[in-house]
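Enquirer: Take this sequence and fold it.
(one chain, ligands or ions: 1)
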Amino acid sequence: MKKFLLILLITSIGISFYFYQQNNKLRLMLIERGEKISGNDKYVEMLTKKIELLRNATSKSSKEENLEDLLEKISFKEKAEKKSYANPNTPDLIPINGKYKISQKFSSKHPAVDFATQTGTKIISAADGEVLSVYEDKHYGNVVIIDHFNDYATLYAHLQKTFVEMGETLKKGQTIALSGNTGNSTAPHLHFEIMINGENVDPLNILKINAHEGI
Ligand SMILES: [Zn+2]
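Expert: Numbering: from 1, shown residues only. From the prediction side, this is the model:
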């Protein structure tokens with residue numbers, strides 16, 4: 001009789017453990033499903049808002065042309081955003097926000113490109129990165145060096161004024177300094193170098209020069 005009771009006890013423990021496990025599985029499944037649903041809800045909510053915005057914008061204007069304008073604006077914005085994120089870490093952006101003229105090209109004696117530009121012109125980061133160094137010396141004047149985390153680094157020299165500090169994170173196109181005539185320089189210009197693993201390469205092979213010429 002005692003033996004029978006013992007078997008009954010073990011069996012009932014076994015059964016309840018089995019049910020506990022099944023229940024737990026079910027609970028985890030429900031949690032997972034719940035998360036999926038809430039993620040999806042957010043997406044639907046965002047989509048609904050976008051549709052509402054479009055509807056409101058179009059209902060205010062009676063002309064169909066305005067809808068076309070709006071759609072064009074949206075697609076233009078999307079294209080622009082895509083373009084700016086195409087190669088965020090490649091230093092292919094002309095580092096000047098203003099008028100310039102190439103005054104000296106790359107050679108074995110001059111491992112850079114010189115952009116003649118008015119003193120005080122905005123100098124921008126050619127790619128996303130982090131400021132590696134900001135210093136002054138008698139040859140290069142005020143200098144900024146940026147690390148772009150993909151073997152690329154860029155150097156900007158003869159600056160009038162710098163706005164960044166060592167270790168600062170930068171976005172492509174962010175203003176880092178004003179151009180000048182500091183150091184060993186006879187006329188206002190930006191001396192711009194691109195290095196791959198510390199070795200200078202011709203910036204004109206990397207910069208998308210045509211896109212910005214004549215700004
Ligand atoms: Zn130079």
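
Enquirer: Surely Asp128 is in contact with Thr154?
Expert: No. Asp128 lies out of contact with Thr154 (C-beta atoms under 8 Å); the separation is 11.3 Å. All C-beta atoms are positioned from the backbone trio N, CA, C, and that covers glycine.

Enquirer: what about these two, which has more around it?
Expert: A count of neighbours by other C-beta atoms under 10 Å puts Thr154 above the other of Asp128 and Thr154, at 24 against 21.

Enquirer: wait, doesn't the more buried one sit right on Phe192?
Expert: Yes. Counting by C-beta under 8 Å, Thr154 touches Phe192, with 7.0 Å between them.

Enquirer: joint contacts of Asp128 and Thr154?
Expert: Overlap of the contact sets of Asp128 and Thr154 (by C-beta atoms under 8 Å, 6 or more residues apart in numbering) consists of His148.

Enquirer: still on that earlier bit, please enumerate the shared neighbours of Thr154 and Phe192.
Expert: Counting by C-beta under 8 Å, 6+ apart, the residues touching both Thr154 and Phe192 are 95, 126.

Enquirer: can you pull the contacts of Glu165?
Expert: Glu165 makes contact with 131, 134, according to C-beta under 8 Å, 6+ apart.

Enquirer: Now the protein against the ion: closest residue?
Expert: Proximity of the chain to the ion (C-beta to the ion) peaks at His191, 3.4 Å away.

Enquirer: Would you indicate which residues of the lengthiest strand in the chain are buried?
Expert: Identified as the longest strand of the chain according to DSSP state E is strand 152-162. By neighbour count on 16 or more other C-beta atoms under 10 Å, the buried set for strand 152-162 is 152-160, 162.

Enquirer: which sections of this protein are below the confidence cut-off?
Expert: Where the chain drops to pLDDT under 70, the residues are 1, 26-85, 209-215.

Enquirer: what does it have sitting close to the ion?
Expert: Contact residues (C-beta under 5 Å from the ion) of the chain with the ion: 112, 114, 191.

Enquirer: wait, which of these is closest to Gly198?
Expert: Ala112 (14.4 Å; C-beta to C-beta).

Enquirer: Which segments of the chain make up each domain?
Expert: Here the domain parsing of the chain from automatic domain parsing is 2-84, 96-212.

Enquirer: coming back round to it: so which of the residues of the chain next to the ion belong to strands?
Expert: Per DSSP E, the residues of the chain next to the ion map to strands at 114, 191.

Enquirer: looking at the residues of the chain next to the ion, which has the most residues close by?
Expert: Of the residues of the chain next to the ion, with other C-beta under 10 Å as the count, His191 tops at 25 neighbours.

Enquirer: Give me the nearest residue to that residue, chain neighbours excluded.
Expert: Nearest non-adjacent residue to His191, counting by C-beta to C-beta, 6 or more residues apart in numbering: Ala157, 3.9 Å away.

Enquirer: so what's the one you found up against?
Expert: 112, 140-143, 183, 190-193.
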